[in-house]
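Enquirer: Build me a model from this:
(2 chains)
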Amino acid sequence: MSDIRRGVRRRLPVALAGALAVLVAATGCAEPANRPGGAGEPGSVLTVVAPDTGIVWAVDNGFGGYEQANNLHAGLLRKPYVDSPQGRGVQQQDVYTYEPYLASAYTVSPDGLTYTFTLREAISAAGNVLSADDVLWSFERKFASPRSVSPGVMDPSITDPAKQIEKIDDRTVSFTLPNAGLGVTFMALMADLAGHIFDSKLLKEHATPDDPYAVAWSAENPNHGFGPYRVTSFQPGTSVVLTARDDFFGTPPPVRTINVRIVADAGTRANAVRNGDADLAEGLTPADLGALADDPAVTVPQVGNPNTFIMMPLVVNKAPFDNKLVRQAMAYATPYQQIIENVYRGLAKRDNEGFLLNDAPGYTDAGFPGYTYDPGKARELLAQAGFPDGVEFTLAVSAAEPDVLDAAKQIQTAARAAGFDITIDEMPAAQFAAQRSNHTSQAFILRDYAITLTPPYELLVYTAKGSTNNFADWEHQPFYDALAAGNALPDALSDEAGLAWNAAERIYLEESPIVFIAQVQPNVAVGSDVRGFAWRSDNWVDYSNMGFGVPETS
Amino acid sequence: MSVAPEETTTPETITATEESATTTSASATAMLRRACGWLVPALGVLVVAVAVAGPALVPFSPIDVVAKPDLSPGGDHPFGTDSAGMDVFSRTVAATTNNLMIGLFTTVLATAVGILLGLLVGMQESSRGPLGWVARAMARAIDLVQAVPAIVIGLVLIAFFGASVLSLALALTVVLTPNQARLVRTEVLRVRGEAYLDAARISGEPEYAVIVRHVLPNASWPALENASLVFASAIVLTAGLGFLGVGLNPPTPEWGSMIASGAAAAVAGRWWAALFPALALAATVVVVTAVGQRLFNRGPGR
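Expert: Numbers count the residues shown, from 1 in each chain, chains lettered A, B, ... in the order given. Predicted coordinates:
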């Protein structure tokens, strides 16, 4: 053997040993687990593993993954957290109560039209003091930005900010509504992302003739809000680090640093929270959630009335769902309970047939059609509709939602007995989003939710005329008339208003443009030593409410 | 004094013993070779039999929800059930039909078209007339298609034409034809210089007859030898496209999409929905390749 070969043979094991030593050292230097017993200081860092939702920092620049941005901002109002029925440190929003947040107080005029807010002495992430000018300018920007969702969302409560929003003085601002019945919805919107107030002084410094509201600048520079956190590190598609602000106006967050890691695979995210490598795992599959629910080291939150629905819009401007009887037949051909058990492993519920949450004050389900899985009834309806041999249609589903695809398979099998021959068209996410906006499919199935939970808002969110969110392209004047009758009442959460919403929802269900299949529990899991996970109507996590320690209730 | 002759073994005796042992060893080896010789065709027949008869013999419908989801292997479901509650064994067997059909269509089309293209390019690319221009343009087109990753071409074509057995087969034909054409072209360039072609021309045979009767049979052999690899590649590419979400519409059983939908579950410990179709895919590719080598390998004496 040559000397060179002998040299290589000696050097190779040494090199391998060196590489191994480096690897071991690197592993030792990795971020320590934050569970009690881990190497790091307990409670200092909350580690979150999340799918890539396409994080956006400026919702006026287009809607996307907004959870992290939501933790940078605050609105004049917020919805308080209460303990969930599950306990174990899990909380949920009281979606019908609105307390001052950036405002220190608010009053309502006797006629119910004018809401006057007194502002706190709050400091923005850039160090500027909150003023009425920030409120006016923020709403001006929301309504002037071409890609903003606010105009559609706030209609009909706020349609013309210049006329409806008035600066009383530097610390006082008023909003005037077109009618008193819109008050509850208005307050709910102000407590959600539509009500975020921005640092106008900072943003005006970066305005340009082409970007007069600094929308593009704020999309790249996230720290322009009054919320509890600021971004200290952001690598798109990889990670975000949020740090608690020392000058935040509210209660200091229990956890100072939020380390969000983007992890593409749901199984890996589930393993991370199971093994203690993460404190909060988001976007988990129902199968993983079902498995984690039995793990004492993990809490799978369950809330009283989740607002995420799995639903199936039946597009009414094309066959076969241009026929009401066929739509009703589909509502009887859907295996609701089978989907809840087989797809969501029991982590879903169907307390009522419609879209309104049944815990709203004044709610009633009187007179609803009573849709259950009844293939015989479905066949009768198809025969009445002129389809005694059944119908065929294509059901579009996003490839990015495996649980929804599994639900589609359940429907395909079960609906065959009812006379429906369904072809499932699995689409890439972008293509599915396009057909969802353009309503080009015969039917599709998805998970979605209304962020703002008041009956008139929920009833209109998928039915507004000309809206891309009107999934089924359903525009039915009797329904709009019933909705208007409810909006004319002074209190949207009264018993009288409840009857009006019931009348509208009965029309909604009888026409059946959308089959509401089930309400799905949050698809997250937290370490059992984490407290303060609070379900919110926007389904984003409020990091400032979370902390470590044994929950007081269990 | 006489000495009793020692008992000696003669070379003949040694040879006989050794020859007996050698003969036994040789017989065993020969038997093993004969057995292996039958094994490959037998496996090939088995794969075809599964593809043809399997879907009719499986215990459950491969496209219906038949049980609770994520049941582990055992009992009525030897391969378990997937996340939708479909029987993995039934789907794995039924997928053989779809994957093999796509493979077969692709192989036949890619080989036939590849031979014709290779023949045209090889015979005409050096000529000066219009046919020469056409041949040279086709040669550049073949180079271009080969430069683009196969999966990318497949994704684009499927996005345009939708996913069906026919569209998948056509998309894969586009991907796999260039290599067949290139093999034939190379052989044509070698064959067209042979003296027997000149002899045929001198004897009065028209040019098209020279090409069809002499060039084609001698130049197409490399493509035929390569057909089994085309078949295997088609199956693997189909699985790859299915893994990327542009395969056949769900719940049509197809190994790639089954592996894709089962992969996330495998990370969480529910390994069966991905493993069994992956094993079926690997085994089929090995068998198809081995059968192809047995059928078309002319050996050193060709």
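
Enquirer: I'd say B:Val267 and A:Val263 touch.
Expert: No: the criterion here is Cβ atoms under 8 Å, and B:Val267 misses it with A:Val263 at 10.8 Å. All C-beta spots, glycine's among them, are computed from the backbone N, C-alpha and C.

Enquirer: More neighbours: which of those two?
Expert: Legend: neighbour count by other Cβ atoms under 10 Å in any protein chain shown for B:Val267 and A:Val263, higher for A:Val263 (24 against 17).

Enquirer: and the closest residue to the more buried one other than its chain neighbours, how many neighbours?
Expert: Leaving aside its sequence neighbours, A:Val263 sits nearest to A:Val49 (Cβ to Cβ, 6 or more residues apart in numbering or on different chains; 4.5 Å). Other residues within reach of A:Val49, judged by other Cβ under 10 Å, total 25.

Enquirer: Enumerate the residues of chain A near chain B.
Expert: Counting by Cβ under 8 Å from any Cβ of the partner chain, the positions of chain A adjacent to chain B are A:265-268, A:270-271, A:285, A:287-288, A:291, A:338, A:342-343, A:399, A:402, A:405-406, A:408-410, A:412-414, A:416, A:423-426, A:428.

Enquirer: quick one, what contacts residue 113?
Expert: If you meant another chain, say so; for now it's chain A. Residues in contact with A:Leu113 (Cβ atoms under 8 Å, 6 or more residues apart in numbering or on different chains) are A:Thr176, A:Leu177, A:Pro178, A:Asn179, A:Ala180.

Enquirer: wrong one, chain B
Expert: Counted by Cβ under 8 Å, 6+ apart, B:Val113 has contacts B:Thr173, B:Thr177, B:Gln180, B:Ala181.

Enquirer: What of B:Thr111?
Expert: B:Gln180, B:Ala223, B:Leu224, B:Ala227, B:Val230.

Enquirer: low-scoring pLDDT stretches of the stretch 201-350 of chain A, where are they?
Expert: By pLDDT under 70, the stretch 201-350 of chain A contains no weakly predicted segment.

Enquirer: Report the spatially closest residue to A:Pro178, excluding sequence-adjacent ones.
Expert: Closest to A:Pro178 by Cβ to Cβ, 6+ apart is A:Pro156, at 6.3 Å.

Enquirer: Distance of the residue of the stretch 151-300 of chain B found nearest chain A relative to B:Ala273?
Expert: Using Cβ to the nearest Cβ, the single residue of the stretch 151-300 of chain B nearest to chain A is B:Val267, 3.0 Å away. If you measure B:Val267 against B:Ala273 using Cβ to Cβ, to the nearest Å, the figure is 12 Å.

Enquirer: repeat for A:Met187
Expert: 48 Å.

Enquirer: Could you do A:Pro228 as well?
Expert: A:Pro228 sits 43 Å away from B:Ala273, going by Cβ to Cβ.

Enquirer: The contacts of B:Thr111 in strands, which ones?
Expert: With strands defined by DSSP state E, no entry of the contacts of B:Thr111 lies inside them.

Enquirer: circling back: over to the residue nearest to A:Pro178. Which of the three states is it?
Expert: Three-state call for A:Pro156 (DSSP: H, G, I helix; E, B strand; the rest coil): coil.

Enquirer: so who does it touch?
Expert: By Cβ under 8 Å, 6+ apart, the neighbours of A:Pro156 are A:Pro178, A:Leu182, A:Asn487.

Enquirer: Report pLDDT for it.
Expert: The per-residue pLDDT reported for A:Pro156 equals 89.

Enquirer: One more: B:Ser25?
Expert: Looking at B:Ser25, the pLDDT reads 66.

Enquirer: For the stretch 101-250 of chain A, which residue gets nearest to chain B?
Expert: For the stretch 101-250 of chain A, Cβ to the nearest Cβ, closest residue to chain B: A:Gly237, 18.9 Å.

Enquirer: Name the SS class of that residue, please.
Expert: coil.

Enquirer: Would you agree it is in contact with A:Ile262?
Expert: Yes: A:Gly237 lies in contact with A:Ile262 (Cβ under 8 Å); the separation is 5.8 Å.

Enquirer: quick one: common contacting residues for those two?
Expert: Residues touching both A:Gly237 and A:Ile262 (Cβ under 8 Å, 6+ apart): A:Asp52.

Enquirer: follow-up on the earlier one: now the residue of the stretch 151-300 of chain B closest to chain A: closest residue in space that isn't a chain neighbour?
Expert: Nearest to B:Val267 is A:Gly267, by Cβ to Cβ, 6+ apart, at 3.0 Å.

Enquirer: Spit out the contact partners of the one you found.
Expert: By Cβ under 8 Å, 6+ apart, A:Gly267 lies in contact with A:Thr285, A:Asp288, B:Ala264, B:Ala265, B:Ala266, B:Val267, B:Ala268.

Enquirer: what packs against the helix or strand harbouring A:Ala378?
Expert: Assigned by DSSP states H and E, A:Ala378 falls within helix A:375-384. Of the remaining helices and strands, those touching helix A:375-384 by 3 or more Cβ pairs under 8 Å, 6 or more residues apart in numbering or on different chains; DSSP states H and E are helix A:324-332, helix A:402-416.

Enquirer: Redo the ones you listed as TSV? Include mean neighbour count.
Expert: Converted to TSV, the helices and strands packed on helix A:375-384 look like this (neighbours: other Cβ atoms under 10 Å in any protein chain shown):
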stretch	mean neighbour count
helix A:324-332	24
helix A:402-416	24
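
Enquirer: Quick check: phi and psi at residue 250.
Expert: Defaulting to chain A. In terms of degrees, to the nearest 10, the main-chain angles of A:Gly250 are phi -100, psi -160.

Enquirer: Doesn't A:Phe117 lie inside a strand?
Expert: Yes: using three-state DSSP, the assignment for A:Phe117 is a strand.

Enquirer: what about the nearest residue to A:Ala333 once chain neighbours are set aside, neighbour count?
Expert: If the residues on either side of it in the chain are set aside, A:Ala333 comes closest to A:Ala418, at 3.5 Å by Cβ to Cβ, 6+ apart. Neighbour count of A:Ala418, defined by other Cβ under 10 Å: 25.

Enquirer: wait, what's in contact with A:Ala418?
Expert: Residues near A:Ala418 by Cβ under 8 Å, 6+ apart: A:Ala329, A:Tyr332, A:Ala333, A:Pro375, A:Ala378, A:Arg379, A:Leu382.

Enquirer: Isn't A:Asn71 up against A:Gly225?
Expert: No: here A:Asn71 does not reach A:Gly225: they are 9.1 Å apart, not a contact under Cβ under 8 Å.

Enquirer: Please identify which of these two sits among more neighbours.
Expert: More neighbours surround A:Gly225 than the other of A:Asn71 and A:Gly225, with 28 against 25 (other Cβ under 10 Å).

Enquirer: What separation do you get for that one and A:Asp134?
Expert: From A:Gly225 to A:Asp134 the distance is 10 Å (Cβ to Cβ).

Enquirer: Tell me where the model's unsure across chain B.
Expert: Chain B contains residues with pLDDT under 70 at B:1-26, B:28-36, B:296-302.
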